[in-house]
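Trainee: Next input, structure requested:
(one chain, ligands or ions: 3)
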Amino acid sequence: MSTLVVVGVQWGDEGKGKVVDLLAREADVIVRFQGGNNAGHTLVVGGQKTIVRLIPSGVLHDGKVCVIGNGVVVNPEVLVEEIDALQQRGRLSDPESLKISEIAHLITPYHKAIDLARERLRGEGKIGTTGRGIGPTYEDKMARVGIRFVDLLDEDVFAQKLERNLEEKNIYLGTLLQEQPLAYQDIFDHYRRLRDRLAPYVTNTSRYIHDALGAGQKVLFEGAQGTMLDVDHGTYPFVTSSNTVAGAVCTGAGIAPQQLRNVIGISKAYTTRVGSGPFPTEEHGADGEKLRRDGGEFGTVTGRPRRCGWFDAVVVRTAARLSGLNAMALTKIDVLSGLSTLRVCTGYRYRGQEYDEVPAGAHILEQVTPIYEELPGWTEPLTAMRSLDALPRNARQYVERLEELVNVPVKMISVGAGREETILIRPTFF
Ligand code: GDP
Ligand code: IMO
Ligand code: MG
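Mentor: Ligands and ions are numbered 1, 2, ... in the order given. Predicted structure coming up:
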């Protein structure tokens, strides 16, 4: 049973795209299992940058199959744009190289309108969502009024469901959210055209993955967002609307727990967060500014500046337990070059109590005092380095200390955005 799960272990944007692209060399099938186009995963190959939102990050390799699992919420318009852009570059030319779950839910214009209007009305208290309609779509899924690909494929079923939903959503939009109503026919016609483009890819992906595994193929599961954005285990309510932990693979791809074994957690060598919510190790001064500048910390989806701060071992330790990490990939360590002293948060203090994992209440997390340990930095640029031995002693010591604090071995170190700018400590991951 050859499976490998990749999850982000902070607040997203850890470099999952880069790592998945690299690991996809070893895989036959690459699967997204949650989230939607709130994700933006960056791949840099041969100096060329590609950002994928819905299509798995294995798409730049020939001969692989990319799967959008049932746990993903799909905006069909964005997906078609993404397919078009990739096809123009010679990718996805084989229709068999992309599969979309027939039971994945569709994001529609009313979901996006509701997301944006709610954020506007929340004002200062906003979550800072990506405004892509993610939350409202998952709400409809749970409320059992969602529209799935299988519905879109049948014109009558789609018409019926869209009509019924839109009637209710327009009342909600108009009366509570002070928005204009949306026109049924516009959405219907638009989605019918999108259906024609996407129908050839729609299938039973759960069964497909099951059969691929049965045939001895290697399947790589690509998480979106990060553990602290998990709707249950993250910094609720400042989270996304899906489960982002490794356990979500089972429900989001439709496979059994026995089929999972290897889980690799992706973490930056420091911490970032985009959007609102508690962030104990956030650094507001010059060091935070340096991380943002040297790390190019601006959102791939919304372009917003990312909040930056020190590595938080409390966050990653919590994530390691929740997803059962057996390895970590540490990314963007090159960004730390030039800082004379590095701080690492080993625990939190709040009202006389110490925490070694993330406390449940956002109101508590807002007020904890991080317990810091200081380590000496280094000045050398790391991007050209390809082995652990080549790294400056202080950089090696930094990595070793993070491993100790989180209690998971670091098996890959990323020293630049490019595919090859990587130190592979473990040669193979499946
Ligand atoms: P994802 O959402 O987890 O896939 O991460 P994003 O793509 O949103 O953000 C990560 C950013 O860091 C992208 O711009 C990557 O190209 C870049 N990146 C990834 N790994 C490294 C690295 O090791 N060093 C540097 N300097 N940049 C990296
Ligand atoms: P990737 O996969 C970073 C954040 C948003 C917001 C919160 C809720 O690229 O790591 P949503 O639109 O999901 O309802 O927004 O979650 N968020 C992300 N932050 N990386 C992401 O994805 C994110 N996806 C959502 O900024 O705080
Ligand atoms: Mg991202």
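Trainee: quick one, helices of the stretch 301-430 of the chain?
Mentor: 313-323, 362-365, 393-406 (DSSP state H, counting those that start in this stretch).
Trainee: most centrally placed residue in this structure?
Mentor: The chain has Ala224 as the residue nearest its centroid, 1.9 Å off, counting by CA atoms, centre = their mean.
Trainee: Quick one: classify that one as helix, strand or coil.
Mentor: When classified by DSSP: H, G, I helix; E, B strand; the rest coil, Ala224 comes out as coil.
Trainee: about what we covered before: mean neighbour count, the helices of the stretch 301-430 of the chain: which tops it?
Mentor: Stretch with highest mean neighbour count among the helices of the stretch 301-430 of the chain: helix 313-323 (a mean of 24; mean count of other CB atoms under 10 Å). From N, CA and C alone the C-beta is placed, and that goes for glycine too.
Trainee: who does it touch, helix- and strand-wise?
Mentor: In terms of contacts (3 or more CB pairs under 8 Å, 6 or more residues apart in numbering; DSSP states H and E), helix 313-323 is packed against strand 2-8, strand 262-268, strand 341-350, helix 393-406.
Trainee: Grab the CA positions of that helix and hand them over as PDB.
Mentor: C-alpha atoms of helix 313-323 as PDB (Å, rounded to 0.1, in the frame of the first residue of the first chain):
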ATOM      1  CA  ALA A 313       7.200  24.700  18.200                       C
ATOM      2  CA  VAL A 314       3.900  24.700  20.200                       C
ATOM      3  CA  VAL A 315       2.000  24.900  16.900                       C
ATOM      4  CA  VAL A 316       4.000  22.400  15.000                       C
ATOM      5  CA  ARG A 317       4.100  19.900  18.000                       C
ATOM      6  CA  THR A 318       0.300  20.100  18.200                       C
ATOM      7  CA  ALA A 319       0.100  19.500  14.400                       C
ATOM      8  CA  ALA A 320       2.600  16.600  14.600                       C
ATOM      9  CA  ARG A 321       0.400  14.800  17.100                       C
ATOM     10  CA  LEU A 322      -2.900  15.500  15.200                       C
ATOM     11  CA  SER A 323      -1.600  14.200  11.900                       C
END
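Trainee: Around ligand 2, pick out the residues from the stretch 1-150 of the chain.
Mentor: 8, 11-13, 38-41, 127-130, 132, 134-135 (CB under 6 Å from any ligand atom).
Trainee: re the thing from before, with mean pLDDT as extra columns, can I get the helices and strands packed on helix 313-323 in TSV?
Mentor: Below are the helices and strands packed on helix 313-323 laid out as TSV (pLDDT from 0 to 100):
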stretch	mean pLDDT
strand 2-8	97
strand 262-268	98
strand 341-350	98
helix 393-406	98
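Trainee: wait, which of these is closest to ligand 1?
Mentor: Of all those, strand 2-8 sits nearest to ligand 1, with 5.5 Å by CB to the nearest ligand atom.
Trainee: Pull the number of nearby residues for His284.
Mentor: Neighbours of His284 under the rule other CB atoms under 10 Å: 10.
Trainee: pLDDT score for it?
Mentor: On pLDDT, His284 comes in at 96.
Trainee: how far away is it from Phe158?
Mentor: For His284, the distance to Phe158 equals 49 Å [CB to CB, to the nearest Å].
Trainee: now the helices of the stretch 301-430 of the chain as JSON lines including distance to ligand 1?
Mentor: Listed next are the helices of the stretch 301-430 of the chain as JSON lines, based on distance: least, CB to the nearest ligand atom, whole Å:
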{"stretch": "helix 313-323", "distance to ligand 1": "14"}
{"stretch": "helix 362-365", "distance to ligand 1": "22"}
{"stretch": "helix 393-406", "distance to ligand 1": "13"}
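Trainee: Export the ones you listed to JSON lines and append columns for distance to Gly58.
Mentor: Shown next, in JSON lines, are the helices of the stretch 301-430 of the chain (distance: least, CB to CB, whole Å):
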{"stretch": "helix 313-323", "distance to Gly58": "20"}
{"stretch": "helix 362-365", "distance to Gly58": "35"}
{"stretch": "helix 393-406", "distance to Gly58": "27"}
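Trainee: Three-state assignment for the residue lying closest to Leu173 once chain neighbours are set aside, please.
Mentor: Excluding the flanking residues, the one nearest Leu173 by CB to CB, 6 or more residues apart in numbering is Glu179, at 4.2 Å. Secondary structure, three-state DSSP: Glu179 is coil.
Trainee: Would you mind listing the residues in contact with Glu179?
Mentor: Listed by CB atoms under 8 Å, 6 or more residues apart in numbering, the contact set of Glu179 reads Ala113, Ala117, Leu173.
Trainee: Who wins on neighbours among those residues?
Mentor: Most surrounded of these: other CB under 10 Å gives Ala113, at 22 neighbours.
Trainee: Surely it touches Leu182?
Mentor: Yes. Counting by CB atoms under 8 Å, Ala113 does reach Leu182; the two are 6.5 Å apart.
Trainee: which residues do those two both contact?
Mentor: The contact sets of Ala113 and Leu182 overlap at Leu173 (CB under 8 Å, 6+ apart).
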